[in-house]
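Undergrad: give me coordinates for this.
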Amino acid sequence: MVLKPIDKVINRVYTRVTMAKYDSMRKLERNKELRDYAKRHPELSLKEIGEIFGISPSRVWRIVNDSHKRELE
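TA: The predicted structure is shown next:
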């Protein structure tokens, strides 16, 4: 799969930034960006999104599914 230039920039930013283990505000912002990104790119797999954001596919799944639960409430 070929990433667009903006996606490459996002990938570099997330792979270079070291996030503090318990920095919840930065993680909340990352999760919001991840949910938005996943909605804009439904063709990407969880693994591909995880590689862009520097997290595991299972973590991507939990973040995305948590947002679906919020929308239903």
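Undergrad: Glu48 and Val60, how far apart?
TA: Applying CB to CB, to the nearest Å, the value for Glu48 to Val60 is 9 Å. No exception for glycine: its C-beta is placed from N, CA and C like everyone else's.
Undergrad: need the helices for the chain, in chain order.
TA: Applying DSSP state H to the chain gives helices spanning 5-16, 24-40, 46-53, 57-72.
Undergrad: now the protein, which segments are flagged as low pLDDT?
TA: Within the chain, the segments meeting pLDDT under 70 span 1-6, 8-23, 67-73.
Undergrad: mind listing what Ala38 touches?
TA: With contacts defined as CB atoms under 8 Å, 6 or more residues apart in numbering, Ala38 is in contact with Leu44, Ile49, Val60, Val64.
Undergrad: so which of those is the most crowded?
TA: Val60 (25 neighbours; other CB atoms under 10 Å).
Undergrad: that one against Glu51, yeah?
TA: No: Val60 lies out of contact with Glu51 (CB atoms under 8 Å); the separation is 9.6 Å.
Undergrad: follow-up on the earlier one: nearest to Arg35, of the contacts of Ala38?
TA: Val64 (6.3 Å; CB to CB).
Undergrad: touching, Val64 and Arg35? I think so.
TA: Yes: contact criterion CB under 8 Å: Val64 and Arg35 qualify, at 6.3 Å.
Undergrad: got a list of what Glu49 touches?
TA: Small correction: residue 49 is Ile, not Glu. By CB under 8 Å, 6+ apart, Ile49 lies in contact with Leu34, Tyr37, Ala38, His41, Pro57, Val60.
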